[in-house]
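[1] just a sequence and a predicted model for now, questions to come.
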Amino acid sequence: MRLGIALTALLAALALAYPLQASGQSRAAQTHPDSIDIAAHVREASQRFGIPEHWIYAVIRIESAGRTRAVSSAGAMGLMQLMPGTWARQRDRYSLGSDPFDPRDNILAGTSYLREMYDRYGVAGFLAAYNAGPGRYEAWLAGRRSLPLETRRYVAKIAPLLQIERIFVAAGSHSADAPGAPDAPVSTSDYAPGDRGLPEASGTAFVRPVRPAHDLFAPISTVADQ
């Protein structure tokens, strides 16, 4: 008799505990959704636009930390943090879908834009132009404006991940951020390259590069890029 009562109590306890456990698992699944495999998209973008795969991964890591729905305070969207104007232009140019947060389309648009900036400004300035926009970068080349502190930090962080021996861009101390302030050299060694085991940059001081003699692309700067 006592054994029967004990078994009944045990079964009742298990029945009450199971829904709670299932509910907890459901909440955990919602909190930690399955990660999205972007390897195929990165490979496609690399082959299509001739950008090394590890460059694309580096941009995704620094721009969005791999968050597909990331939106910056300035309105940049998705894995590769594209401004609305840039996304619309690349979407139309390459017949992409309507969702800027779609991993494949965002990666294709971002990589195509990165390639345009590389072809237009070379190793000297493509990262700064990608982050700040070509309009802002060209204004800096002309000596009319300084580059944002965010852009200088961005280049210093990402350059070691790209394994490029030497990348130049305007970089200055925090106190030199005001418009018109002189550019001071900053070593990329001031910023940790992350945990990917990639070599650090040489630490060469950043300098203003010489403006390219001609552009391979027509000007594509928009208000959204400023």
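    Nice, I can see it. Residues are numbered from 1 along each chain as shown.

[2] ranges for the helices of this protein?
    Remark: helices assigned in the chain by DSSP state H are 2-31, 39-49, 53-64, 84-94, 103-132, 134-141, 149-162.

[3] nearest to residue 70, out of those helices?
    Among the helices of the chain, helix 53-64 comes nearest to residue 70, with 4.0 Å by CB to CB. Quick note: C-beta positions are derived from backbone N, CA and C, even for glycine.

[4] and the closest one, what does it pack onto?
    Other helices and strands packing on helix 53-64, by 3 or more CB pairs under 8 Å, 6 or more residues apart in numbering; DSSP states H and E, are helix 39-49, helix 103-132, helix 149-162.

[5] quick one: which of the ones you listed is nearest residue 64?
    helix 103-132 (9.1 Å).

[6] check which helices and strands that closest one sits against.
    Using 3+ CB pairs under 8 Å, 6+ apart: helix 103-132 touches helix 39-49, helix 53-64, helix 84-94, helix 134-141, helix 149-162.

[7] circling back to that earlier point, and the helices and strands packed on helix 53-64, which is most packed in?
    Comparing the helices and strands packed on helix 53-64 by mean neighbour count (mean count of other CB atoms under 10 Å), helix 103-132 ranks first with a mean of 23.

[8] next, the angle helix 39-49 makes with that helix.
    Helix 103-132 runs at 60 degrees relative to helix 39-49, counting by axes from the mean of the first three to the mean of the last three CA atoms, to 10 degrees.

[9] residue ranges with poor pLDDT in this structure?
    The model of the chain has pLDDT under 70 over residues 1-35, 164-226.

[10] need the helices of the chain in a markdown table with distance to residue 77, can you?
    Below are those laid out as a markdown table (distance: least, CB to CB, whole Å):
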| stretch | distance to residue 77 |
| --- | --- |
| helix 2-31 | 23 |
| helix 39-49 | 16 |
| helix 53-64 | 9 |
| helix 84-94 | 6 |
| helix 103-132 | 7 |
| helix 134-141 | 18 |
| helix 149-162 | 17 |
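
[11] for residue 76, find the nearest of those.
    Nearest of these to residue 76, taken as CB to CB: helix 53-64 at 7.7 Å.

[12] list the buried residues for that closest one?
    Using 16 or more other CB atoms under 10 Å as the test for burial, helix 53-64 gives 55-64.

[13] closest one to residue 90 among the helices and strands packed on helix 53-64?
    helix 103-132 (3.8 Å).

[14] quick one: the closest one to helix 53-64, angle?
    Orientation of helix 103-132 against helix 53-64 (the same axes, to 10 degrees) gives an angle of 70 degrees.

[15] which residues touch residue 158?
    Shown in contact with residue 158 (CB atoms under 8 Å, 6 or more residues apart in numbering): 58-59, 62, 127.

[16] cutoff 6 Å now
    For residue 158, the contacting residues are 58, 62, by CB atoms under 6 Å, 6 or more residues apart in numbering.

[17] same check, this time on residue 90
    Residue 90 makes contact with 109, 112-113, according to CB under 6 Å, 6+ apart.

[18] so which of these is the closest to residue 94?
    Nearest member of those to residue 94, counting by CB to CB, is residue 112, at 6.0 Å.
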